[in-house]
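Student: could you look at this predicted model? Sequence included:
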Amino acid sequence: MSVCYALPAVRGKVTQGAQLAPLVWFKSGGPAEWLFEPADVKDLADFLSVLDPSVPVMALGLGSNLIVRDGGVAGVVVRLGKAFAKVSDVDDVTLDCGAGASGILVSSTARDNCIAGMEFLRSIPGTVGGFVRMNGGAYGGEVKDILVDCDVVLRDGKIAKLSVDDLHYSYRHSELPAGAIVVAARFRGRAGDADAIQAEMNRISASREASQPLRSKTGGSTFKNPDGQKAWQLVDEAGCRGLQIGGAQVSEKHTNFLINIGDASSAEIEELGEEVRRRVKAKSGVDLHWEIQRVGAAK
């Protein structure tokens, strides 16, 4: 990747050629041309307002639902750090959440404030920014059910507030403006009992532990569930449980998870996913669609 533009001055941290593999759950992939970790929302907005509009910009959260291709990512990757990871109560049933806050932090804060309805966030490996962008969901809940509105920094540096209706949510999809980066969101639940909330979080955690390869290098759920069907079941019925290409394998514990069992390249992981899609199509006639985001260039 060649650099032919200058980056604006910032108060945060800018790193050229930053390795992204340590920052994503698969532990694979190439570098970012530039990695920007803004000091705060104003730092991000000021940066984008003067950055050459032709330079691509991508937000990175916990890297849990992501394949970074081996050739790396051109332009600027924005990673929201501790300044964006705060959660506070707005009223008795509403939380103000920074986009860098984890699902565990949000659900735990909700419990501490006796707010029910956010327990499902405990099960999603990611941050608020990713949840909002993808309408994250699990165990019967989705972000569209709790989101009030969100703050975003647009590609031109302008700050906007978008309501849940503005995002036109569907299954694992939103119509967030291209290039927009979510920096905060308000989630609204309902009054609840802290012990009951904790019990539900414990149930969700136990279920995940029993059914998912949580201690593996994985990207989480690989394919979206087709209408009325389960992706894992289609993958299993196509004979893909344990299927392996290089260091990439379909999990034997949960067949909608791909895992890096050694030093798999991102190309091997993506190739395995495409092979699974081919076999499922041949077996059941169903086209599986990727839930994992794939970014960057092949090597």
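Tutor: It's in.
Student: could you show me where the strands are in the stretch 101-250 of the chain, in order?
Tutor: Using DSSP state E, counting those that start in this stretch, the strands of the stretch 101-250 of the chain run over 115-116, 137-138, 141-142, 147-153, 159-163, 181-188, 190-191, 217-221, 244-245, 248-250.
Student: what's in contact with the longest one?
Tutor: Counting by Cβ atoms under 8 Å, 6 or more residues apart in numbering, the neighbours of strand 181-188 from elsewhere in the structure are 41, 44, 48, 57, 59, 78, 80, 84, 90, 93-99, 106, 110, 118, 128-129, 131-133, 143, 146-153, 159, 176. C-betas here are computed from N, CA, C, even on glycine.
Student: what's the answer for stretch 229-248, then?
Tutor: So stretch 229-248 is in contact with 221-226, 249-250, 252, 254-256, 258-265, 268-269, 271-272, 275-276, 279-280, 282-284, 286, 288, going by Cβ under 8 Å, 6+ apart.
Student: and that stretch, what's buried?
Tutor: Buried residues in stretch 229-248, counting neighbours by 16 or more other Cβ atoms under 10 Å, are found at 231-232, 234-236, 238, 240-241, 243, 245-248.
Student: residues touching Leu7, list them.
Tutor: Val14, Trp34, Phe36, Phe47, Leu51, Val76 are the contacts of Leu7 under Cβ under 8 Å, 6+ apart.
Student: for Asp151, same thing?
Tutor: Contacts of Asp151 (Cβ under 8 Å, 6+ apart): Val41, Ile159, Ala160, Lys161, Val182, Val183, Ala184, Ala185.
Student: beta partners of it?
Tutor: Beta bridges link Asp151 to Lys161, Ala184, judged by DSSP bridges.
Student: Ala185 versus that one, what's the distance?
Tutor: Distance, Asp151 to Ala185, using Cβ to Cβ, to the nearest Å: 7 Å.
Student: ok, Ala238 next?
Tutor: From Ala238 to Ala185 the distance is 37 Å (Cβ to Cβ).
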